[in-house]
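K.L.:
one predicted model, sequence on top.
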Amino acid sequence: MVEIVGKIGSMALIDREHRAVARDKFARIGKWLKPGTIWVSSGAVEIGRLDYINRHGKELDCCKEDAKTDYSSQGQATLMELYRKHIDPKYSIRQILVEHSHFNDKAKAAHIKNLLLRATEQNAIPIVNYNDAVSLEESRKLEIQSLINSTGGAVELVDNDETASQIACMVKAKTLLILSTLEGIYADITDSKSLIREVSGKSFSDVAKKLDELKKNCSGASRQGANGAKAKLEYIKPCIKQGMRVVIASAKYDIGDILSGNAPSTMIYTSK
């Protein structure tokens with residue numbers, strides 16, 4: 001029932017030159033979104049920060065953790081307002097804020113899955129984000145470490161690339177689309193002509209080996225706290241294992257063009 005799970009990063013929603021929200025991106029995405037799509041959107045913290053500065057002429061004067069919480073709670077309202085403005089009014093939109101605990105508990109995971117699937121049936125579009133407004137970083141680290149110690153592993157949701165990948169696997173989507181500030185994965189990040197257009201293989205193990213090789217060439221991230229392209233390539237492995245197509249592309253292009261192969265991107269899949 002879910003064709004596409006899409007994700008856009010924080011910096012892809014910001015006009016860096018003018019230090020403002022990139023409203024054209026919301027317009028382009030909103031026109032494309034429809035039921036059958038789950039949209040994972042970062043941006044609440046940075047948009048909340050910009051909104052606060054525009055209203056008060058300065059940044060918050062408090063500790064980093066408190067500022068992140070306050071900006072996020074302010075930014076969520078603006079984020080949803082922007083999506084509502086540009087999505088076809090005949091569709092409902094639903095804000096869904098998730099945390100790592102929702103994916104490490106079977107009952108909570110089932111509840112989230114059913115909520116997302118019902119949205120498609122009810123002509124609604126879920127807009128998902130990690131709930132930074134109520135997530136205390138120190139507590140999250142302790143909870144995750146406890147899970148790792150007791151079970152050997154845990155879903156951490158360090159950033160929304162992992163959130164989107166987990167959701168795509170949960171609802172068995174056909175395609176996972178990850179939009180960022182870059183056009184995809186590069187063989188050499190310093191060479192814009194080295195974009196890798198396709199990563200494929202006859203089996204998951206073939207593709208996984210190629211992804212591990214590509215990870216060696218990845219470094220850095222678009223913002224503090226994000227894990228960058230290297231983490232993306234690790235997070236998407238369960239999706240590829242399920243037989244999903246994963247597309248990584250720049251948010252500056254039309255989504256229809258990206259998915260049809262008419263815009264630069266990196267497409268990752270098994271060819272069996």
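P.N.:
The structure has been received and is ready for your questions. Residues are numbered from 1 along each chain as shown.
K.L.:
CA only for contacts and neighbour counts going forward, please
P.N.:
Fine.
K.L.:
before we move on, what SS does Ile96 have?
P.N.:
Taken by DSSP: H, G, I helix; E, B strand; the rest coil, the conformation at Ile96 corresponds to strand.
K.L.:
ok, Ile53 next?
P.N.:
Under the three-state scheme (three-state DSSP), Ile53 adopts helix.
K.L.:
tell me which element Leu176 falls in.
P.N.:
Mapping Leu176 onto the secondary structure by DSSP states H and E places it in strand 175-180.
K.L.:
next SSE after that strand?
P.N.:
The element immediately downstream of strand 175-180 (helix or strand, assigned by DSSP H and E) is strand 198-201.
K.L.:
using CSV, list the CA coordinates for the next helix or strand after that next one.
P.N.:
Next in sequence after strand 198-201, counting helices and strands by DSSP H and E, comes helix 204-215. Extracted C-alpha coordinates of helix 204-215, given in CSV (Å, rounded to 0.1, in the frame of the first residue of the first chain):
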residue,chain,number,x,y,z
PHE,A,204,22.0,-8.4,-1.4
SER,A,205,25.5,-9.6,-0.5
ASP,A,206,26.8,-8.3,-3.9
VAL,A,207,25.3,-4.8,-3.3
ALA,A,208,26.3,-4.8,0.4
LYS,A,209,30.0,-5.3,-0.6
LYS,A,210,29.8,-2.5,-3.1
LEU,A,211,28.2,-0.2,-0.4
ASP,A,212,31.0,-1.0,2.0
GLU,A,213,33.6,-0.1,-0.6
LEU,A,214,31.8,3.2,-1.3
LYS,A,215,31.7,4.0,2.4
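K.L.:
which elements pack onto helix 204-215?
P.N.:
Taking 3 or more C-alpha pairs under 8 Å, 6 or more residues apart in numbering; DSSP states H and E as contact, the helices and strands that helix 204-215 lies on are strand 198-201, helix 228-235, helix 237-241, strand 265-270.
K.L.:
neighbours of Gln122, how many?
P.N.:
Summarising burial for Gln122: neighbours were counted as other C-alpha atoms under 10 Å, giving 11.
K.L.:
quick one, phi/psi of it?
P.N.:
As for Gln122, its main-chain torsions (degrees, to the nearest 10) stand at phi -100, psi 20.
K.L.:
follow-up on the earlier one: okay, the helices and strands packed on helix 204-215, which one's buried deepest?
P.N.:
Using mean count of other C-alpha atoms under 10 Å, the stretch among the helices and strands packed on helix 204-215 with the greatest mean number of neighbours is strand 265-270 (a mean of 23).
K.L.:
got the contact list for that strand?
P.N.:
Defining contact as C-alpha atoms under 8 Å, 6 or more residues apart in numbering, one finds that strand 265-270 is touched by 183-185, 195-204, 207, 240, 243-250, 258.
K.L.:
where do the helices of this structure begin and end?
P.N.:
Along the chain, the stretches classed as helices by DSSP state H are 23-32, 44-56, 64-86, 101-104, 106-121, 137-151, 160-171, 204-215, 228-235, 237-241, 255-260.
K.L.:
can you redo those as JSON lines with mean pLDDT?
P.N.:
What follows is the helices of the chain, written out as JSON lines (pLDDT from 0 to 100):
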{"stretch": "helix 23-32", "mean pLDDT": "95"}
{"stretch": "helix 44-56", "mean pLDDT": "95"}
{"stretch": "helix 64-86", "mean pLDDT": "95"}
{"stretch": "helix 101-104", "mean pLDDT": "91"}
{"stretch": "helix 106-121", "mean pLDDT": "96"}
{"stretch": "helix 137-151", "mean pLDDT": "83"}
{"stretch": "helix 160-171", "mean pLDDT": "96"}
{"stretch": "helix 204-215", "mean pLDDT": "94"}
{"stretch": "helix 228-235", "mean pLDDT": "85"}
{"stretch": "helix 237-241", "mean pLDDT": "96"}
{"stretch": "helix 255-260", "mean pLDDT": "96"}
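K.L.:
nearest to Lys7, out of those helices?
P.N.:
helix 160-171 (6.2 Å; C-alpha to C-alpha).
K.L.:
please compute how far that closest one lies from its chain's middle.
P.N.:
In terms of C-alpha atoms, centre = their mean, to the nearest Å, the centre of helix 160-171 is set 8 Å apart from its chain centre.
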